[in-house]
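Enquirer: A structural model of the following input is requested.
(2 chains)
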Amino acid sequence: EPEVTQTPSHQVTQMGQEVILRCVPISNHLYFYWYRQILGQKVEFLVSFYNNEISEKSEIFDDQFSVERPDGSNFTLKIRSTKLEDSAMYFCASTGESYEQYFGPGTRLTVT
Amino acid sequence: QQQVKQSPQSLIVQKGGISIINCAYENTAFDYFPWYQQFPGKGPALLIAIRPDVSEKKEGRFTISFNKSAKQFSLHIMDSQPGDSATYFCAAMYGNKLVFGAGTILRVKS
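Expert: Numbering: from 1, shown residues only, chains lettered A, B, ... in the order given. Below is the predicted model:
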């Protein structure tokens, strides 16, 4: 069964450093998303991406964040200068022509 | 307006019992209501979903009941099993983004 994959599973970085989180969405899907989940809290929408551009973003997704689909398979989330409060699980999701969003296993980002 | 309120925060059910989790929303623009199951350290897994033109949907032991006029929907897990122990999130779709409830930690005692 096709699934969304994410790398790395755990990323530790120092405050102020740049990180890139990587995702491989399900191959025939058209819409891509990033969500985050701070430990013990609910899942929060960050950004949606369609046809090589951002279609919607939340107030969390400020200028420190960017997304990119550098090739036909990868979808990345970049945080330019990490803050302690960026520590969270980051989930990539994708959807095809239906509404069903399928989530990856997540990347745990720890900012020290 | 874009919040989804979920209750209870936690739930303990005996094996074989019925687990019921409730969600409520305000924004009538929500047009798709999925439930996700999440195990520790894993991503949310889509369990079952419903559109607002349907009042009930059943898949195996899982049923969504949807009350459009009350703006409420609920997940029923029949014959609950220890393997169902997980965190359950309701969500609602607005535009193409999901708004999640706060989650319910379900523990099924054997």
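Enquirer: Up against chain B, what does chain A have?
Expert: Taking CB under 8 Å from any CB of the partner chain as the contact definition, chain A meets chain B at A:4, A:31, A:33, A:35, A:41-45, A:48, A:50, A:55-56, A:58, A:91, A:95, A:99-106. All C-beta atoms are positioned from the backbone trio N, CA, C, and that covers glycine.
Enquirer: List only buried entries from those.
Expert: Applying 16 or more other CB atoms under 10 Å in any protein chain shown to the residues of chain A next to chain B, the neighbour count classes A:4, A:31, A:33, A:35, A:42-45, A:48, A:56, A:58, A:91, A:95, A:99, A:101-106 as buried.
Enquirer: now, which of these lie within strands?
Expert: A:31, A:33, A:35, A:43-45, A:48, A:56, A:91, A:95, A:102-103 (DSSP state E).
Enquirer: Go through chain B and flag its longest strand.
Expert: Longest strand in chain B, counting by DSSP E: strand B:86-94.
Enquirer: Show me what it is packed up against.
Expert: strand B:4-7, strand B:19-25, strand B:33-38, strand B:72-77, strand B:97-100, strand B:104-109 (3 or more CB pairs under 8 Å, 6 or more residues apart in numbering or on different chains; DSSP states H and E).
Enquirer: any idea of the mean pLDDT in stretch A:14-22?
Expert: The predicted model gives stretch A:14-22 an average pLDDT of 97.
Enquirer: what residue lies at the spatial centre of chain A?
Expert: Geometric centre of chain A, nearest residue: A:Trp34, 3.4 Å, by CA atoms, centre = their mean.
Enquirer: Need phi/psi at B:Ile48.
Expert: Backbone torsions of B:Ile48, given as degrees, to the nearest 10, read phi -160, psi 150.
Enquirer: That one and chain A: what is the separation?
Expert: Per CB to the nearest CB, to the nearest Å, B:Ile48 is found 10 Å from chain A.
Enquirer: residue contacts, A:Ile20?
Expert: With contacts defined as CB atoms under 8 Å, 6 or more residues apart in numbering or on different chains, the neighbours of A:Ile20 are A:76-78.
Enquirer: meant to ask about A:Gln17, not that
Expert: Counted by CB under 8 Å, 6+ apart, A:Gln17 has contacts A:81-82.
Enquirer: got the contact list for the spatially closest residue to the residue nearest to the centre of chain A that is not a sequence neighbour?
Expert: Leaving aside its chain neighbours, A:Trp34 sits nearest to A:Leu46 (4.3 Å; criterion: CB to CB, 6 or more residues apart in numbering or on different chains). Shown in contact with A:Leu46 (CB under 8 Å, 6+ apart): A:33-36, A:57-58, A:60-61, A:65, A:77, A:90.
Enquirer: Select, out of the helices and strands packed on strand B:86-94, the one closest to chain A.
Expert: Closest to chain A of these is strand B:97-100 (CB to the nearest CB; 4.3 Å).
Enquirer: List the neighbouring strands of the closest one plus their orientation.
Expert: strand B:86-94 (antiparallel) (DSSP bridges).
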